[in-house]
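Colleague: sequence isn't available, so here's the structure alone:
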């Protein structure tokens, strides 16, 4: 528990922090259980949208979130949220004085209360009058109307987590922190909750910090990605940018691929296809019941991209784009190379054998055609 | 039937046990809270001191308390300063001694119950803007309720059942310190076996019913409160 030494008057003025979130933490664990672990971060995060804090377990992402929440006290810490100082050398707001919402990894409902009792616990303490309809909106957004009167122990794992998210929303936070909210659920439950999180992300104006070690969740939900490694920030940036880097530790083995943002501009009902326009490059994808004009995010795996020197009409491949080679780097596999390509306005990554690289005489700046075997709709 | 002095002893026993239980819940809860959550090195020693009455002969405990509360003991000097006189062989002396004697029976179930709750519900409550008192009353108390009930019942019954400490510190003053257990001893000394039988049987039945009630109430929990 944080000790109380609250100073609410923000006498320090910190420049450039009126907007955005500024976090600097230095924390060294001294107990033997996690000996050697140190968190060292210095970050400025966007003030809106969903920022995924991504990393392997033990990389310090949860510790970072707990430091931001004040649940853990870093030896040196600084956190400013849109000009409000939560922690500095002289200030440490205890958790219950920070206007945040927190969703824990495992079910964290109070077992002695019903689902509704858990929501009321938040409403009573939010300190802000409940705006008309917010309650109904949140219940509706999370789809928990039917389980409200149930005792929290009777709920399924997915329902518990949805109630926990609703509870965190009803406190009306200025910052929503989510610590792997799906990690304790099986895949079916994950697929059940992901759409709710997507809706949440697009409805909520509050910035969300979302800790995850799942590439899938990051691709589907994140606007911004912070990559953690050994307690440090390895890289950060917009999700498309981070995924288009060749050496990003985000990409493991066959997961390498890029993410494009696009819009459905045409639908071909005869062949059940949709045309997605992604910054000047058009792609045909299978129609999964999408609607015209819908914003989508697609993923193209490096293993699904092949290169040809000329435009092949006689191929089963639907999507062919003119590209230019940006760089060629070695893959972990000695036979393979990763080639970063420039399309109209996007980046594409192809995974080829070195033999093909030599056969096609690939070199920086060379223009050729990329054939994209499959495009996955991420959302 | 029961004699007037038997009834007096029963009433006194009830008064002592009730007073001690209330005092123990008030001072035992913070001790249990501290023991359950501290990372201090003092946790071991303090826990051991609290548990001492479990293993010490009541006469040893009574002996030291007698000395401490006597005219030259530190408690005795304090009470004399305050103008209360000395405590041994008074009702309140008996209460003080009983509080020490029954302390582990109240602290340990509460401590176990609080430990079983763990850190997480309190962290969750903190993220929902609940301050420390709020967390205690709205999270800890309801979640640790079985532990508190066990603690109260054990504290009460254990105080009812004490004998050695009473003899050492309270003696045998009717209406002041002569509780049921001492009364039974007196009857036996005087060879009034009939009277002794009645009181002894009342004690057995009372204790059995209380424990029966406790076990049926806490079917899921063990006597000690935790799962």
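Modeller: On my side now, so go ahead. No experiment lies behind these values; they were computed from the predicted model shown. Residues are numbered from 1 along each chain as shown, chains lettered A, B, ... in the order given.
Colleague: from here on, contacts and neighbour counts on C-alpha atoms
Modeller: OK.
Colleague: do any residues in the helix or strand hosting residue B:6 lie close to chain A?
Modeller: Assessed by DSSP states H and E, residue B:6 sits inside helix B:4-37. No. Judged by Cα under 8 Å from any Cα of the partner chain, helix B:4-37 and chain A are separated, with a smallest distance of 9.9 Å.
Colleague: which residues of chain A lie near chain B?
Modeller: Looking at chain B, the residues of chain A close enough under Cα under 8 Å from any Cα are A:1, A:69, A:71, A:95-102, A:104, A:108-112, A:121-122, A:125-126, A:168, A:171.
Colleague: one more time with 7 Å, if that's ok
Modeller: A:95-97, A:100-102, A:108, A:110, A:112, A:122, A:125-126, A:171 (Cα under 7 Å from any Cα of the partner chain).
Colleague: list buried residues within these.
Modeller: A:95, A:96, A:97, A:100, A:101, A:102, A:108, A:110, A:122, A:125, A:126, A:171 (16 or more other Cα atoms under 10 Å in any protein chain shown).
Colleague: for the fourth one, phi and psi?
Modeller: I take that to be residue A:100. phi -120, psi 160 (degrees, to the nearest 10).
Colleague: hey, what's it bridged with?
Modeller: Taking DSSP bridges, one finds residue A:175 as the beta-bridge partners of residue A:100.
Colleague: can you list the low-confidence ranges for the stretch 251-379 of chain A?
Modeller: Across the stretch 251-379 of chain A, residues meeting the criterion (pLDDT under 70) sit at A:251-254.
Colleague: give the helix, strand or coil label for the one residue in it that gets nearest to chain B.
Modeller: Using Cα to the nearest Cα, the single residue of the stretch 251-379 of chain A nearest to chain B is residue A:379, 30.9 Å away. What DSSP: H, G, I helix; E, B strand; the rest coil gives for residue A:379 is coil.
Colleague: I figured it hits residue A:220, correct?
Modeller: Yes. The criterion here is Cα atoms under 7 Å, and residue A:379 meets it with residue A:220 at 6.0 Å.
Colleague: near chain A, which residues of chain B show up?
Modeller: B:121, B:124, B:126, B:127, B:128, B:129, B:130, B:131, B:142, B:143.
Colleague: quick one: whichever helix or strand the first one is part of to chain centroid distance?
Modeller: Here residue B:121 is covered by helix B:120-127, with elements defined by DSSP H and E. Chain-centre distance of helix B:120-127: 31 Å, with Cα atoms, centre = their mean, to the nearest Å.
Colleague: what packs against it?
Modeller: Contact partners of helix B:120-127 among helices and strands, from 3 or more Cα pairs under 7 Å, 6 or more residues apart in numbering or on different chains; DSSP states H and E: strand A:100-103.
Colleague: what is the burial count for the residue of chain B found nearest chain A?
Modeller: As assessed by Cα to the nearest Cα, chain A sits closest to residue B:129 within chain B, at 3.9 Å. The tally of other residues near residue B:129 (other Cα atoms under 10 Å in any protein chain shown) stands at 26.
Colleague: which helix or strand contains residue A:167?
Modeller: Short version, using DSSP H and E: residue A:167 is in helix A:157-170.
Colleague: check the gap between the residue of the stretch 1-150 of chain A found nearest chain B and residue B:135 for me.
Modeller: Nearest residue of the stretch 1-150 of chain A to chain B: residue A:96, at 3.9 Å (Cα to the nearest Cα). If you measure residue A:96 against residue B:135 using Cα to Cα, to the nearest Å, the figure is 10 Å.
Colleague: likewise residue B:5?
Modeller: Where residue B:135 is concerned, residue B:5 sits at a distance of 48 Å (Cα to Cα).
Colleague: neighbour-wise, which of the two wins?
Modeller: residue B:135 (19 against 14).
Colleague: quickly find the element holding residue A:283.
Modeller: strand A:281-286.
Colleague: contacting residues around that strand?
Modeller: With contact meaning Cα atoms under 7 Å, 6 or more residues apart in numbering or on different chains, strand A:281-286 is reached by A:272, A:273, A:274, A:275, A:276, A:277, A:318, A:319, A:344, A:375.
Colleague: tally up the residues packed near the fifth one, please.
Modeller: If I follow you right, that is residue A:276. Neighbours of residue A:276 (other Cα under 10 Å): 28.
Colleague: if we can go back for a sec, which one's more surrounded, residue A:379 and residue A:220?
Modeller: residue A:220 (21 against 16).
Colleague: that one is in contact with residue A:377, isn't it?
Modeller: No. In this structure, residue A:220 is not within contact of residue A:377 by Cα under 7 Å, at 9.4 Å.
Colleague: residue contacts, the nearest residue to residue A:44 once chain neighbours are set aside?
Modeller: Leaving aside its chain neighbours, residue A:44 sits nearest to residue A:22 (4.5 Å; criterion: Cα to Cα, 6 or more residues apart in numbering or on different chains). Contact analysis of residue A:22 by Cα under 7 Å, 6+ apart lists A:43, A:44, A:45, A:79, A:80, A:81.
Colleague: how far out from the middle of the chain is stretch B:18-32?
Modeller: Distance, centroid of stretch B:18-32 to centroid of chain: 8 Å (Cα atoms, centre = their mean).
Colleague: and for that stretch, what's in contact with it?
Modeller: Outside stretch B:18-32, the residues touching it (Cα under 7 Å, 6+ apart) are B:95, B:98, B:99, B:103, B:106, B:107, B:108, B:110, B:111, B:152, B:155, B:156.
Colleague: hmm, try it at 6 Å
Modeller: Stretch B:18-32 is contacted by residues B:99, B:107, B:110, B:111, B:155, B:156 when judged by Cα atoms under 6 Å, 6 or more residues apart in numbering or on different chains.
Colleague: got it, and stretch A:170-186?
Modeller: Contacts of stretch A:170-186 (Cα under 6 Å, 6+ apart): A:99-106, A:122-123, A:126, A:190, A:206-212.
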